[in-house]
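Undergrad: quick one: sequence plus predicted model below, questions after.
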Amino acid sequence: MDNVDMMAEQIADLIRQANADETTPTERVQLLAQAVGLAVDPLHQLELMMLVADTAGRAARDAAGRALRGEGRPGSKVATWTEIGAAAALSKDTAFRQFHGGDALSWSPAARGVRQAVRRPVSGETH
């Protein structure tokens, strides 16, 4: 078994662990991030990073829920939407809408540095 095969096996094992029912959302993010670090193929890295991004948004929503219930907070004090928004670098209204309207919390494309771009074909590429 060569090094690449061992890495592929380790990556597959990390993904299996991440997808296990008993794995917490935060643990899923950590396991998938480890898998990214082991991947050699940039397309495999890309695939795994997109999984990390999705999983992180879902873990953020889970953390917001725990904060709203006061779980793990000093004195079991429940968090306010202002505090959750500040921690997530979102407005309190955005955090509230995302929490109640979906499965994940995320920044807007503009906040992530995404700009609209016009795709131009690469030399030799056809439509």
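TA: Perfect, thanks for sending it.
Undergrad: now do the buried residues in the host helix or strand of Ala63.
TA: Applying DSSP states H and E as the criterion places Ala63 in helix 42-69. Buried residues in helix 42-69, counted by 16 or more other CB atoms under 10 Å: 44, 48, 51-52, 54-64, 67-68. Backbone N, C-alpha and C define where each C-beta goes, glycine included.
Undergrad: likewise for stretch 81-100?
TA: 81, 83-85, 88, 90, 94-95, 98-99.
Undergrad: what's the offset of the lowest-mean-pLDDT helix or strand in the chain from the middle of its chain?
TA: Using mean pLDDT, DSSP states H and E, helix 3-19 stands out as the lowest-scoring helix or strand of the chain, at a mean of 90. Relative to the centre of its chain, helix 3-19 is centred 19 Å away, using CA atoms, centre = their mean, to the nearest Å.
Undergrad: contacts for that helix, please.
TA: 1, 23, 27-28, 31-32, 34-35, 38-40, 44, 48, 55 (CB atoms under 8 Å, 6 or more residues apart in numbering).
Undergrad: which helices and strands sit right next to the next helix or strand after it?
TA: Using DSSP H and E, the next helix or strand after helix 3-19 towards the C-terminus is helix 25-38. On a contact count with 3 or more CB pairs under 8 Å, 6 or more residues apart in numbering; DSSP states H and E, helix 25-38 meets helix 3-19, helix 42-69.
Undergrad: got the ones you listed as CSV, with distance to Gly113 columns?
TA: Below are the helices and strands packed on helix 25-38 laid out as CSV (distance: least, CB to CB, whole Å):
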stretch, distance to Gly113
helix 3-19, 27
helix 42-69, 14
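Undergrad: and these: which comes nearest Ser123?
TA: helix 42-69 (20.4 Å; CB to CB).
Undergrad: as a whole number, average confidence for the closest one?
TA: Averaging pLDDT along helix 42-69 gives 95.
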